[in-house]
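[1] pasting the sequence and the predicted model now:
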Amino acid sequence: MSDAAIEIDGLSKVYQGGKQALDAVTFTVPRGQIFGLLGPNGAGKSTLINILAGLVNKTGGSARVWGFDIGANPRNSKRAIGIVNQEILFDPFFTPFETLEIQAGLYGVPKAERRTMELLRAVHLEDKANAYSRTLSGGMKRRLMVAKAMVHSPPVLVLDEPTAGVDIELRQQLWAYVRSLNDSGVTVVLTTHYLEEAEELCDRIAIINHGKLIANEPTRELVGKTQEKAVEVVVDRDIAGLPANQCFQKIEAKGERTLVITYRKDRANAGEVLGAVQAAGFGIVDVSTREADLEDVFLSLTRAANAA
Ligand SMILES: Nc1ncnc2c1ncn2[C@@H]1O[C@H](COP(=O)(O)OP(=O)(O)OP(=O)(O)O)[C@@H](O)[C@H]1O
């Protein structure tokens, strides 16, 4: 048996009307990881998750969840996954306790095996067990959604933009819970627009753009991959014309006396860049440098993919 939590192979989706939301996407989510799926709006992330959930039919390729093919064995593949959607979906007239009990019933979890109070405790909703769900705050509702996705104890939990619209404190609580689930062996896949969060939380990150996979690497390698570095140089006179040098990847003026120079770490170092500025006749007044973060990696990868 494969040790992958999710295996996606050549997965494609063309919606009625011709929109290609996924174009032969292939990647594997290893078991036990927190895996980040990043991409701009409309990249195809929700489509991919909805295919895994059995809510959208694929038009090509295959996908397996915990070894079960979503086409050949949809019952088992669906049982292996818990999905927290972007939209908040539950009946406002049920209490959190009832909401989880009903969900457990839908999955056929026997009464003796239900963990309703344990789940409510884990998402800090124990004291709201008997309140109407409509009286919960946005953050509480979202935490209830996470608990709801876990009632059948799936080995894989997928969170689609789980912290959109959630304040920082609740986001921290939600992530703490996600981390504790992961520590207890649950594989977590999350889509997010918060790149720093993905960088902090995820072991591995895949990026999709316009339905195509453009990166899939351990987070550290992805971040380290970017070779671009920027240096901001304040010079001692007004910049009449931009100096040129082969070690500059890009140079632009920011204000009358500040140059922003991008260079590749593998081709030049800061000393050479500053030397080139001085050789062009400028005195250097101040310098600051900036390491690329995931946002830079993402932008340079999507730029490269768009140009291809
Ligand atoms: N039911 C549908 N019919 C036709 N086109 C659709 C349908 N659902 C999504 N699309 C299109 O498919 C593309 C991918 O959408 P999808 O929702 O998967 O992206 P996403 O990466 O999840 O974006 P977001 O973060 O905004 O949800 C978009 O261009 C979208 O407009």
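    Looks like it arrived, so ask away. Values in this document were obtained by computation on a predicted structure and should not be read as measured data. Numbers count the residues shown, from 1 in each chain.

[2] where does pLDDT dip in the chain?
    Applying pLDDT under 70 to the chain picks out residues 1-2, 165, 224-227, 291-296, 304-305, 307-308.

[3] and the helices in it?
    Using DSSP state H, the helices assigned to the chain run over residues 45-52, 74-79, 96-106, 116-122, 138-149, 168-183, 195-201, 219-225, 270-279, 294-307.

[4] switch those over to TSV; also include distance to the ligand.
    Backbone N, C-alpha and C define where each C-beta goes, glycine included. Formatted as TSV, the helices of the chain follow (distance: least, Cβ to the nearest ligand atom, whole Å):
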stretch	distance to the ligand
helix 45-52	3
helix 74-79	19
helix 96-106	24
helix 116-122	27
helix 138-149	16
helix 168-183	17
helix 195-201	13
helix 219-225	18
helix 270-279	37
helix 294-307	13
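
[5] out of the ones you listed, nearest to residue 240?
    In terms of Cβ to Cβ, the element of the helices of the chain nearest to residue 240 is helix 270-279, at 14.1 Å.

[6] tell me how many other residues crowd the residue in the stretch 101-250 of the chain positioned nearest to the ligand.
    For the stretch 101-250 of the chain, the residue closest to the ligand is residue 161, as judged by Cβ to the nearest ligand atom, at 6.4 Å. If you count neighbours by other Cβ atoms under 10 Å, residue 161 ends up with 19.

[7] hmm, it is touching residue 197, no?
    No: with contact defined as Cβ atoms under 8 Å, residue 161 does not reach residue 197; the gap is 11.0 Å.

[8] residues of the stretch 1-150 of the chain that sit close to the ligand?
    Within reach of the ligand by Cβ under 6 Å from any ligand atom, the stretch 1-150 of the chain has these residues: 15, 17, 19, 21, 39, 41, 42, 43, 44, 45, 46, 47.

[9] ignoring the adjacent residues along the chain, who's closest to the fifth one?
    With sequence-adjacent residues excluded and distances taken as Cβ to Cβ, 6 or more residues apart in numbering, residue 39 is closest to residue 208, at 4.2 Å.

[10] residue contacts, the one you found?
    By Cβ atoms under 8 Å, 6 or more residues apart in numbering, the contact set of residue 208 is 22, 25, 37, 38, 39, 43, 44, 45, 48, 214.

[11] for these, which one is nearest residue 184?
    Distance to residue 184 across the contacts of residue 208 (Cβ to Cβ) is lowest for residue 37, with 21.7 Å.

[12] pretty sure that closest one contacts residue 193?
    No: checked against Cβ under 8 Å, the pair residue 37 and residue 193 is beyond contact range at 11.1 Å.

[13] more neighbours: which of those two?
    Neighbour tally, residue 37 and residue 193, criterion other Cβ under 10 Å: the higher count belongs to residue 37, 27 against 14.

[14] wait, what's in contact with the closest residue to that one other than its chain neighbours?
    By the measure of Cβ to Cβ, 6+ apart, the closest residue to residue 37 outside its immediate chain neighbours is residue 191, 4.6 Å from it. Neighbouring residues of residue 191 by Cβ under 8 Å, 6+ apart: 36, 37, 38, 39, 45, 46, 49, 159, 160, 161.

[15] who touches the third one in this structure?
    Applying Cβ under 8 Å, 6+ apart, we find residue 38 in contact with 45, 191, 192, 193, 195, 198, 205, 206, 207, 208, 298.

[16] ok, the fifth one next?
    Applying Cβ under 8 Å, 6+ apart, we find residue 45 in contact with 37, 38, 39, 160, 191, 208.

[17] contacting residues for residue 298?
    Counting by Cβ under 8 Å, 6+ apart, residue 298 touches 38, 195, 207.

[18] state the distance from it to residue 223.
    Counting by Cβ to Cβ, to the nearest Å, the gap from residue 298 to residue 223 is 10 Å.

[19] do the same with residue 58
    In terms of Cβ to Cβ, residue 58 sits 31 Å off from residue 223.

[20] which of those two has more neighbours?
    Looking at residue 58 and residue 223 with other Cβ under 10 Å, you find the greater number of neighbours at residue 58, namely 21 against 17.
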